[in-house]
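Student: make a model of this:
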Amino acid sequence: MGWSFYSLSADFAFCLDRLRDRGGKSAENFSLDGEDVLSDSASGLKAHKGGWAVLQREILQCRRCPRLVRWREKVAKEKKAAYAEETYWGKPVLGWGDSQAKIVVVGLAPGAHGANRTGRMFTGDESGRWLYRALWRAGWASQAESVSRKDGLELSDVWITAPVKCAPPTNRPTVKERDACGGFFDRELGLLPRARVYLALGGFGFAAVSRYFALRPKPKFGHGVEVQLSEGRWLVGSYHVSQQNTFTGRLTEAMLDEVMRKVGVRAGLSPRRR
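Tutor: A predicted model of the protein is given here:
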């Protein structure tokens, strides 16, 4: 299968140019005509007006959560010593990947010195190194490392996002902040019509997908848990790739690879492991 990918640029005008570029597959994967996204109300999928360009513009311009805005901009200004010479992104971070993805990876929020610095989900920190190595081993990433938006990384059959788009202090968004971003998250999932498996990294992402599909009773999160949704879709849980889990051995690479194997089976993807 050829690579089909969409990567976020630092400038939104460039982003729109990429979307309007009819010469590439990635452009063809995006709706720019503002039509409703069709959905299955029985499965909990929601219809929303506007396509990718509209949603991305709204996310990038969002300042609904004063605490998150202050924090993301404070971190971008003060920086971490190791990145003192870099220009931080310091804005909401968009999801990215293959817009025809069968697998949607759902995290929690951008990392303060990872995605909030680089402008791309799970890019530039230890969590991202774990995730992208696993995706590469599974055959869904073109390379095993992700350091910047311009590093050439491409994803196949995978979209990566988070329910909260701004970096929160201590990685803990409030319920109000979660709900303020909830509409963006719902619309994003609604624009991924081919998704078959939602891989939730951690309980926060697991709960967000459960809310999206209005699951009752609410399923209990656990590593390797599989929840069948409607029309052959699945929600799969995994411990988050945070250092709290990876440095302590709670999550190992073997455990993550096994989850990826399950996800590939549920998504109906042929084995492409490296």
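Student: neighbours of Arg133, how many?
Tutor: Neighbour count for Arg133, taken as other C-beta atoms under 10 Å: 19. Every C-beta, even on glycine, is put in place using the N, C-alpha and C of the backbone.
Student: now it: phi and psi?
Tutor: phi -60, psi -40 (degrees, to the nearest 10).
Student: for it, which non-adjacent residue is spatially closest?
Tutor: Ala144 (4.8 Å; C-beta to C-beta, 6 or more residues apart in numbering).
Student: quick one: the helix or strand harbouring Trp159 to chain centroid distance?
Tutor: Per DSSP states H and E: Trp159 is located in strand 158-161. Taking the mean of its C-alpha atoms, strand 158-161 sits 4 Å from the chain's own mean (C-alpha atoms, centre = their mean, to the nearest Å).
Student: may I have stretch 137-154 as PDB, with CA atoms only?
Tutor: As requested, the backbone C-alpha atoms of stretch 137-154 are provided in PDB (Å, rounded to 0.1, in the frame of the first residue of the first chain):
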ATOM      1  CA  ARG A 137       7.700  -2.100  13.800                       C
ATOM      2  CA  ALA A 138       4.100  -2.700  12.900                       C
ATOM      3  CA  GLY A 139       4.700  -1.300   9.400                       C
ATOM      4  CA  TRP A 140       2.500   1.800   9.700                       C
ATOM      5  CA  ALA A 141       5.200   4.400  10.000                       C
ATOM      6  CA  SER A 142       7.800   5.200   7.400                       C
ATOM      7  CA  GLN A 143      10.500   5.600  10.100                       C
ATOM      8  CA  ALA A 144      11.100   4.800  13.700                       C
ATOM      9  CA  GLU A 145      11.800   8.300  15.000                       C
ATOM     10  CA  SER A 146       9.800  11.500  15.200                       C
ATOM     11  CA  VAL A 147      11.700  14.700  16.000                       C
ATOM     12  CA  SER A 148       9.900  17.500  14.100                       C
ATOM     13  CA  ARG A 149       7.100  18.300  11.700                       C
ATOM     14  CA  LYS A 150       9.700  18.300   8.900                       C
ATOM     15  CA  ASP A 151      11.400  15.100   9.600                       C
ATOM     16  CA  GLY A 152       9.800  13.200   6.700                       C
ATOM     17  CA  LEU A 153       7.800  10.800   8.800                       C
ATOM     18  CA  GLU A 154       4.700   9.500   7.100                       C
END
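Student: nearest residue to Cys181 other than its sequence neighbours?
Tutor: Cys181's closest residue in space is Val164 (C-beta to C-beta, 6+ apart), at 4.9 Å.
Student: how much space between the one you found and Arg63?
Tutor: 14 Å (C-beta to C-beta, to the nearest Å).
Student: do Asp186 as well
Tutor: For Asp186, the distance to Arg63 - C-beta to C-beta - is 20 Å.
Student: what's the answer for Ser127, then?
Tutor: Applying C-beta to C-beta, the value for Ser127 to Arg63 is 26 Å.
Student: ok, those two, which is more surrounded?
Tutor: Between Ser127 and Arg63, counting by other C-beta under 10 Å, Ser127 is the more crowded of the two (24 against 11).
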